[in-house]
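Visitor: build the 3D model from these lines:
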Amino acid sequence: MEIDVRGLSCPEPVLIVMDAMDENPKERLVVLSDAAHTRDNIVKLAQTEGRRASVTEKGRLYEIVIE
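Guide: So this is what the prediction gives:
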């Protein structure tokens, strides 16, 4: 599942990802973000929920994969 949170202000991106993790607990999520603080907050959320998160930078875009 891909989630695009580009252009959104915190805490909205974190809440969107939290809902997606709750609704799809075993699904791999790919989150697209354009802000470093949003990237950091989503990675922390994934770790808090016991999931692994990896980040790839693509220019000004962050691709966060949560497994």
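Visitor: need the residues that contact stretch 57-67.
Guide: 6, 17, 21, 28-36, 38-39, 42-43, 46, 51-56 (CB atoms under 8 Å, 6 or more residues apart in numbering). C-betas here are computed from N, CA, C, even on glycine.
Visitor: please tell me how far the nearest residue to Val14 once chain neighbours are set aside sits from Lys26.
Guide: Excluding the flanking residues, the one nearest Val14 by CB to CB, 6 or more residues apart in numbering is Asn41, at 5.1 Å. Between Asn41 and Lys26 the distance is 22 Å, computed by CB to CB, to the nearest Å.
Visitor: chain center to the helix or strand containing Glu63, what's the gap?
Guide: For Glu63, the enclosing helix or strand under DSSP states H and E is strand 61-66. Chain-centre distance of strand 61-66: 6 Å, with CA atoms, centre = their mean, to the nearest Å.
Visitor: quick revisit: mind giving me the packing neighbours of the strand or helix carrying the residue nearest to Val14?
Guide: Here Asn41, judged by DSSP H and E, is contained in helix 36-48. Applying 3 or more CB pairs under 8 Å, 6 or more residues apart in numbering; DSSP states H and E, we find helix 36-48 packed against helix 12-23, strand 29-33, strand 53-58, strand 61-66.
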